[in-house]
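> Below are the sequence and a predicted model for it; my questions follow.
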Amino acid sequence: MLSMSLLNALDVESCLGLLLVSLLIFDFWKSKNAPNFPPGPWSFPFLGNVFAGFDCRAMDEVAAKFGNICSLRVGYDKIVLVSGYERVKEVLETQGDYFLDRVRSLPFKQVVQGNGISLSSGYKWRKQRHFTSFHLKAFAEGKNALERHVQQECIYLCQSIEEEQGSPFNPHDILNNATVNVIGCFAFGKLSDDGFVDFRNLLVNSDSMFIENIPQIQFYNAFPGIVKRFYGPHKTALLNYAKLSAFVKKQIEKHKKDWDPFDHRDFIDAYIGEIDKRRKDTEAAFTGENLACITVDLLKTGTQTMTDTLRWALLLMTKYPDVQKKVQDEIDCVIGKWRQPCLVDRVKMPYTDAVLHETQRVSNIFPLTAPRLTSRDSVLAGYFIPQGTLVICHLSSVLKDPSQWEKPDQFYPEHFLDDRRNFRKRDAFYAFSAGKRSCLGEQLARNTLFLFFTSLLQRFSFSAPEGLGPHCKDQEQIKMSQESSQIFVSLRQEKRESDLN
Ligand code: HEM
């Protein structure tokens, strides 16, 4: 009897053992790389490198070990990571056409269903991007649109900051209000006061929607059936996305009621006009659903990036008072103390322009591109990358590439100045990415940042409370200081002494 059950137990064990070996062989076969595929670290059976972290620092570590073109595996998805100016340029520009398509993390894929701009691919993406880009440029460059609106926002912004005078405060909400209003003005035109309050509250949570590169989402993408049952950032992101989307849809309905074909007040009005014109081109998908997705896309991508850049700019001014003083001297010289800054001033202000560019270079707002999907087999630096592979470009590795920048790890506005102190464009300035899928709002962002930054420094000096600012040792510490609201991002603004005299 005893020997019988031992035999049975052994049988079960050997069956389990056999099953495990078969699964491991299956895993080995399924995860096998194509010949000459970029190298990468050892990965767990079935899971791959889901624990890798997928942030900029983790990517740096993998690249340091395996080179500028390396790979990771998430479940059975292969991800190629590309770093350094030469290689990233090849992916985004030289061979850009093969690396254009997008794949989004599953949570958003289900919601947007290939709509929007940052989430779409192919013909639909090209048509939608072209239309939106035209209107963004017109808004950013038109004399009566962005400039006038941002100048008005600058007045409110300065008033809000003035109220904080004398004590440390966290500028996040004040700056966020200002950038939200700019994108809101482009998208919706004028909202009622209540509408703007709702809208701002919704966008406070927009950063929770930037979730592509966090480990939980990699888990979700690899094992959707399991992860979707649990609470986590994917659920929060979807909830916030749904709320913002519902708000936008309500605005679209309101616009439809008093739409005038001869007077387009804003982007939504212009798009509604286009829906009718392009009804026959079903593939381009000019629909109400797509309009809602694009508007959410612009709000999501446009506001947080601009707010973070401005926060960085102010923080860096507290850390480098000598730079702040030079910017203020340039403002005093070109604009004076009382006239409002305007866009034509920028060409006469190379130092301020250089400081803003350098802020974007060091601040790492957008360290990695969202994954792209290769549309055909390609070869990159001798490595074979099969069609259907995910590719992520490490933008901050370009912005800190020692072969491109004289002092990659320092805040050094001279990177953007030539020998005669004129503004100097740099090829490796990839803060807005590059190629056909680069940032759609670049012009709008650059103009808005310039007007806000110069208005603030015209009016205030920014300094750090005791124990912060100049004592922060490195960029990482500054970054942390930006993230923890109360203690670190307390900057004290004072009127410049010269203004008081
Ligand atoms: C300082 C501000 C900004 C920075 C640093 C920034 C950076 C970027 C980067 C790096 C990308 C490429 C992402 C990728 O390839 O995965 C991107 C894409 C995009 N950005 Fe921006 N952005 C900023 C402001 C804005 C603004 C103000 C808007 C719109 C109002 C905007 C709209 C978009 C859109 C729609 C895309 C997707 C383009 C596509 O997939 O074709 N961005 N941005």
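All right, it came through fine.
> Let me see the mean pLDDT of stretch 402-412.
Across stretch 402-412, the average pLDDT comes to 96.
> That stretch: which residues count as buried?
404-405, 408, 411-412 (16 or more other C-beta atoms under 10 Å). Any C-beta I mention is one placed from the backbone N, CA and C, and that applies to glycine too.
> can you list the residues you listed in a markdown table and add distance to the ligand and secondary structure?
Supplementary listing: those in a markdown table, determined by distance: C-beta to the nearest ligand atom, whole Å; DSSP: H, G, I helix; E, B strand; the rest coil:
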| residue | distance to the ligand | secondary structure |
| --- | --- | --- |
| Gln404 | 17 | coil |
| Trp405 | 17 | coil |
| Pro408 | 18 | coil |
| Phe411 | 17 | coil |
| Tyr412 | 19 | coil |
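> Mind picking the two most distant members of the residues you listed?
The largest distance within the buried residues of stretch 402-412, taken as C-beta to C-beta, falls between Gln404 and Phe411 and amounts to 16.1 Å.
> Show me what Phe44 is bridged to.
Phe44 has the following beta-bridge partners by DSSP bridges: Gly48.
> That one and Phe66, how far apart?
17 Å (C-beta to C-beta, to the nearest Å).
> can you list the residues of the protein near the ligand?
Within the chain, the residues that sit near the ligand (C-beta under 6 Å from any ligand atom) are 117-118, 129, 183, 297-298, 301-302, 305-306, 309, 365-366, 369-370, 395, 431-433, 437, 439-441, 444-445.
> Can you flag which of the residues you listed belong to helices?
Mapping the residues of the chain next to the ligand onto helices (DSSP state H) picks out 129, 183, 297-298, 301-302, 305-306, 309, 395, 444-445.
> in the stretch 401-501 of the chain, which spans are strands?
Using DSSP state E, counting those that start in this stretch, the strands assigned to the stretch 401-501 of the chain run over residues 460-463, 492-495.
> for Glu253, what are its contacts?
Applying C-beta atoms under 8 Å, 6 or more residues apart in numbering, one finds that Glu253 lies in contact with no residue.
> In the helix or strand where it lies, which residues are buried?
When secondary structure is defined by DSSP states H and E, Glu253 falls within helix 233-257. By neighbour count, and taking 16+ other C-beta under 10 Å as the criterion, the buried residues in helix 233-257 are 233-234, 237-238, 240-241, 244-245, 247-249, 251-252, 255.
> Can you lay out those as a markdown table showing pLDDT?
Formatted as a markdown table, the buried residues of helix 233-257 follow (pLDDT from 0 to 100):
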| residue | pLDDT |
| --- | --- |
| Pro233 | 69 |
| His234 | 72 |
| Ala237 | 75 |
| Leu238 | 76 |
| Asn240 | 80 |
| Tyr241 | 82 |
| Leu244 | 87 |
| Ser245 | 89 |
| Phe247 | 89 |
| Val248 | 92 |
| Lys249 | 93 |
| Gln251 | 91 |
| Ile252 | 94 |
| His255 | 93 |
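> In the stretch 101-250 of the chain, which residue sits nearest the ligand?
Closest residue of the stretch 101-250 of the chain to the ligand, C-beta to the nearest ligand atom: Ser118 (3.7 Å).
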